[in-house]
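[1] A predicted structure for the sequence below; I have some questions about it.
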Amino acid sequence: MPIDNLIYLDNASTTKVDENVLKVYEQTHKDFFANPSSIHKAGQQAKYLLDRSREDILKIFNLYNHQVIYLSGATEANNLAIKGVCFRYKNRGNHLITSSYEHPSVLEAFRQLEKEFGYQVTYLNPNSDGVITKEMVVNAITDKTILVSIMYVNNEIGAINPIKEIGLELAKYPKVIFHTDASQAIGKLNENLDFSSVDLVTISSHKIHGLVGSGILLKKKNLELLPLASGGGQEYNYRSGTEDLPNALATKKAIEIAMKHSKERYEYVSKLADRLINYLKSRPDLYELNLPKEINPYIINFSTITKKSSVVVEALSNNNILVSSVSACHSSKEKGSYVVKALGKEYKIANNTIRVSLDYLNTMEEIEIFISTLEKIIGEIR
Ligand code: PMP
């Protein structure tokens, strides 16, 4: 069944590709398929388009000291940022700082560095508001610290971290490099995205109606990384392999659209979120909200108190409503949400989470159907 016939409330997992993005992808394949590294005129045209798309992205974010590295998505960007820094600057120190509620593509990279390469990692727990503060980060710094990686928006509970503030604070520690995974932040925040104080920024295309299998790492020009893939030296030598111009231009388009409409979409999605949150709050006998202090309308996380959330999610799916229990990235591996556990919630609550992730394509009618179906299902499950 096409997803358009279903109620899709799993937009933090992935989003429907924008028609305009698809058009750019298709047209670029048709018209500009030459290899940007070829010196003939079609190759040079492709190279020009590629370079211009990098400049356009930097302009969108008002960045003047960064470079755009096109990659296969946020997972690759996170790995390149984290391991690239650790391996390049290993002589400076071996202490790293991250948070305990990062996406697995960050957490597992740190765990590998710890286990296989002898780095020491401090995992900061969010406070009861769901946030990592600049004070927590600064207090964890030692004279061996070389990298701090803190996500902008948490993908399970929507908590928003003060990335600009942390970046400005870390500027006082020139040896410490700062990375943020901004996959869930692009086009989805009610604040200006200011990455000027951040050394490395991860962005994923398919979270913002771009193509799956593409994303970028924004990197400060003066910073070096050890490349994870060796080869022909493309993407400033950080990602060898023939450049993917269609994907690059599609990513640029997705970022452009997401950023252009972020304000109006935020306001619209906030209305949907308000309705849903008000309903969930009206039934404290059935639900416990796992919300950060500053509510993010795009990600609403709650726990079912009386029923197993996995059973509820399955029953919702049978009723054509799609939500997640834990984040799709690790739903088969781990029991319960380590993110909600990190918030200090008890086992039963962390084990029964439901994440509703909204989008501007959702309607109030869909939210009403979700609410009535959820209540019906909870009443029916034995
Ligand atoms: N980081 C965060 C915060 C995410 O939500 C996701 C997607 N679940 C990723 C990284 C991985 O993104 P990608 O699929 O582009 O590798």
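    Received it, and whenever you're ready, just let me know what you need.
[2] Point to the residue nearest the middle of this structure.
    Ser183 (2.3 Å; CA atoms, centre = their mean).
[3] who's in contact with that residue?
    74, 103, 151-153, 155, 202-204, 207, 215 (CB atoms under 8 Å, 6 or more residues apart in numbering). Every residue, glycine included, has its C-beta placed from N, CA and C.
[4] what does Ile132 give?
    Taking CB under 8 Å, 6+ apart, we find Ile132 in contact with 99, 124, 126, 150, 161, 166.
[5] how about the residues of the stretch 1-150 of the chain near the ligand?
    Within the stretch 1-150 of the chain, the residues that sit near the ligand (CB under 6 Å from any ligand atom) are 73-75, 103, 105.
[6] and with 8 Å instead?
    12-14, 72-78, 102-103, 105-106 (CB under 8 Å from any ligand atom).
[7] By neighbour count, which of those wins?
    Asn78 (31 neighbours; other CB atoms under 10 Å).
[8] Need the pLDDT of that one.
    pLDDT for Asn78: 98.
[9] if we can go back for a sec, tell me which two of the contacts of Ser183 sit farthest apart.
    Val153 and Gly215 (15.2 Å; CB to CB).
[10] Who has more neighbours out of those two?
    When Val153 and Gly215 are compared for neighbours, Gly215 comes out ahead with 28 against 25, by other CB under 10 Å.
[11] just to revisit the earlier point, which one among the contacts of Ile132 gets closest to Asn237?
    Looking at the contacts of Ile132 and their distance to Asn237, the nearest is Ile150, at 26.7 Å (CB to CB).
[12] My read is that that closest one contacts Val137, right?
    Yes: if you go by CB atoms under 8 Å, Ile150 and Val137 touch, sitting 6.8 Å apart.
[13] what do those two both touch?
    With contacts defined as CB under 8 Å, 6+ apart, the residues shared by Ile150 and Val137 are 97, 124, 166.
[14] Select from those the one having the most neighbours.
    Neighbour max across the shared contacts of Ile150 and Val137 (other CB under 10 Å) = Ile97, 27 neighbours.
[15] Whichever strand or helix holds that residue packs against which elements?
    For Ile97, the enclosing helix or strand under DSSP states H and E is strand 95-99. Under the contact definition 3 or more CB pairs under 8 Å, 6 or more residues apart in numbering; DSSP states H and E, strand 95-99 sits against helix 104-117, strand 120-124, strand 145-149.
[16] Of those, flag the one that's most buried.
    Of all the helices and strands packed on strand 95-99, strand 145-149 has the most neighbours on average by mean count of other CB atoms under 10 Å, namely a mean of 24.
[17] CA atoms only: put it into CSV for me.
    Extracted in CSV, the C-alpha atoms of strand 145-149 (Å, rounded to 0.1, in the frame of the first residue of the first chain):
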residue,chain,number,x,y,z
THR,A,145,40.5,16.6,25.6
ILE,A,146,40.6,16.8,21.8
LEU,A,147,36.9,16.4,20.8
VAL,A,148,33.5,17.3,22.0
SER,A,149,30.5,15.9,20.1
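[18] could you pull out the helices for the stretch 201-350 of the chain?
    The residue ranges that make up the helices of the stretch 201-350 of the chain, judged by DSSP state H, counting those that start in this stretch, are 245-260, 262-282, 309-318, 338-342, 347-350.
[19] what stretches of the stretch 51-200 of the chain score poorly on pLDDT?
    Within the stretch 51-200 of the chain, no stretch has pLDDT under 70.
[20] how near is the closest residue to His206 other than its chain neighbours to the ligand?
    Nearest residue to His206 in three dimensions, chain neighbours excluded: Val212, at 4.0 Å (CB to CB, 6 or more residues apart in numbering). Distance of Val212 to the ligand, given as CB to the nearest ligand atom, to the nearest Å: 7 Å.
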